[in-house]
Every structure is written in structure tokens, then in C-alpha cells.
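**Q** Sequence plus the predicted model coming up.
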Amino acid sequence: MEHLQSSQLREGQQQDPDFDEPSTITFFFFDEFRERSTHPTDSFRAILTQFLHMHRFNEDIIDAASVVMDTKGKGQLVASTEEVLSLLRYILEIERSSVLIFDGVDECSQHNEFFRCLQAIIPTPPAGQRTLANPVSDTGLKPTPLPIAAEPGKCSIVLFSRPNVKFPQFLTENCQTMNLSARENLNDIQKYLSPKFQSLAEQGMLGQCREAQKLVTLTSKHANGMFL
């Protein structure tokens, strides 16, 4: 899985032939052992933070963020979940090409809520202007018309997860799925482990060096396809 994530990041960082500029890539890793890394809101706040940092000199995006933080709205120092989603959706609509990567979705504490939020930020073809307001429910924000591009940006979403997560229809009918069985992942695990076991053997920590490959084969089979 780690190899897949790295490959996806490298691929996404290459310039998209359909656009003059490379894609904007954001990433979040769900981790049940790390604070503020399991709730759906944690992921979208982190993604939004990355966008705002990368586009801190973009007046359109900063102006949109200012509207959310306007005291005429809720006036809170911390934006609500729906305000975060609204701003994310706006950014994705004006962003020419973006990639959102979510890893460890199986460790998200509320799958249904995560998918609801994900669906709320997916760009849709606009009709002239749209309003920067809650795309899901009323947050009390005063609607502020914000012009957007004639065509929504290209947004790709990449999800990494164990196979125990059931994905909703709006994702499964519009995506490419790669299901890795234990057999299909075996060679990748062995390629990853082989140099590490060889290094340990050369340091005299595994007995004779010729035993290293046997240990690689045994360990990779016991992994049962789990490669994180």
C-alpha cells in the first residue's frame, strides 16, 4: 500500500497534459492511533488547510475564505464542518486540476459521514454563478455570490482502504477500483522486504546471508497480502 501511495503521489505531481500547470495535490492519512486523525472532519479541515497554504497568494480563494470567517456569518474563530465543505467545494470548482488523496479510509470513525462530506465537495457544472453557502444544510451564512469559471476544474479523488469498507454508489459507478489479493501483492512485498532482510543479514543479525531470502519468502506469505 505504501508503494501505491508513493506511486500515486509521483504520478499526480507530473504535469497534466490537458492543463498548462501541474495538479494541486493534497493528502490525508486516517490513523486510529493519532489524535485528530479519525473523524471525517479532521480530513477535510486538513485538506482545506493545505489548499489555503498553497494558494495563500490567490486573491479569489483568500477572499472566499474571508467570507466564511466574516462576523456576519457565525462569527466563530473555528469554521463549522459545513463551512469547511462549502469553501472546499468552491476551491475545487475554480482549481484547474486537483488531486485529493485519502489513505486509511478503513480507520475513519464514521464512514457514512465521510462519504457524505466527500459527495458535498465534488464539483458540478455551474449555472453562471453559485453562492458560497452550505452545500448540505443551512449554516446561517449570508449567501454571497461568487463568480466561478465557466467550466468546473478537473478533480481526481484517490481512496486507499482495506477491503472491509463499503463504498457508496456515487463513487463505485464513476471510479476505477483495484482490489489486491494476497497473491497479487506477494511480489511487491518480497521486493520491498528483500533488501532490508539482506542488510540485516550482512550485519550478522540473521545468521548466514543465504537464509535471508528464505525469511523474505516466509514473512511475505504470512503477511497475507497486507502491505501498509
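**A** Received it, and whenever you're ready, just let me know what you need.
**Q** just the helices in the chain please.
**A** 2-13, 40-54, 59-69, 81-94, 111-121, 169-172, 182-202, 212-222 (DSSP state H).
**Q** I'd like to know which of those is closest to Arg34.
**A** Proximity to Arg34 (Cβ to Cβ) singles out helix 40-54 among the helices of the chain, at 9.5 Å. Every residue, glycine included, has its C-beta placed from N, CA and C.
**Q** that older thread, deepest-packed of the helices of the chain, please.
**A** Mean neighbours per residue, mean count of other Cβ atoms under 10 Å, is largest over the helices of the chain for helix 81-94, with a mean of 22.
**Q** what bits of the chain have low per-residue confidence?
**A** The model of the chain has pLDDT under 70 over residues 1-21, 68-77, 124-152, 207-210, 227-228.
**Q** okay, now the domains of it?
**A** According to automatic domain parsing, the chain comprises the domains 2-172, 182-222.
**Q** I'd like the helices of the chain as JSON lines, with distance to Phe28 appended.
**A** Converted to JSON lines, the helices of the chain look like this (distance: least, Cβ to Cβ, whole Å):
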{"stretch": "helix 2-13", "distance to Phe28": "12"}
{"stretch": "helix 40-54", "distance to Phe28": "4"}
{"stretch": "helix 59-69", "distance to Phe28": "19"}
{"stretch": "helix 81-94", "distance to Phe28": "12"}
{"stretch": "helix 111-121", "distance to Phe28": "11"}
{"stretch": "helix 169-172", "distance to Phe28": "17"}
{"stretch": "helix 182-202", "distance to Phe28": "23"}
{"stretch": "helix 212-222", "distance to Phe28": "29"}
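**Q** And the ones you listed: which comes nearest Ile157?
**A** helix 111-121 (7.0 Å).
**Q** just checking, what packs against that closest one?
**A** helix 40-54, helix 81-94, helix 169-172 (3 or more Cβ pairs under 8 Å, 6 or more residues apart in numbering; DSSP states H and E).
**Q** Could you tell me the angle between that helix and helix 81-94?
**A** Here helix 111-121 runs at an angle of 40 degrees relative to helix 81-94 (axes from the mean of the first three to the mean of the last three Cα atoms, to 10 degrees).
**Q** now helix 111-121 against helix 40-54, angle please.
**A** Using the same axes, to 10 degrees: helix 111-121 against helix 40-54 is 30 degrees.
**Q** what residues does helix 111-121 touch?
**A** For helix 111-121, contacts defined as Cβ atoms under 8 Å, 6 or more residues apart in numbering pick out 40-41, 43-44, 81, 85, 88-89, 92, 105, 108, 135-136, 157, 165-168, 170-171.
**Q** please redo it, this time with the cut-off set to 6 Å
**A** For helix 111-121, the external contacting residues (Cβ atoms under 6 Å, 6 or more residues apart in numbering) are 40, 44, 85, 88-89, 108, 135-136, 168, 170.
**Q** export the helices and strands packed on helix 111-121 to JSON lines and tack on distance to Gln190?
**A** Shown next, in JSON lines, are the helices and strands packed on helix 111-121 (distance: least, Cβ to Cβ, whole Å):
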{"stretch": "helix 40-54", "distance to Gln190": "32"}
{"stretch": "helix 81-94", "distance to Gln190": "39"}
{"stretch": "helix 169-172", "distance to Gln190": "31"}
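**Q** Going by distance to His53, which of the contacts of helix 111-121 wins?
**A** Nearest to His53 among the contacts of helix 111-121, counting by Cβ to Cβ, is Leu88 at 13.8 Å.
**Q** my guess is the closest one contacts Leu48, does it?
**A** Yes - here Leu88 reaches Leu48: they are 5.3 Å apart, a contact under Cβ atoms under 6 Å.
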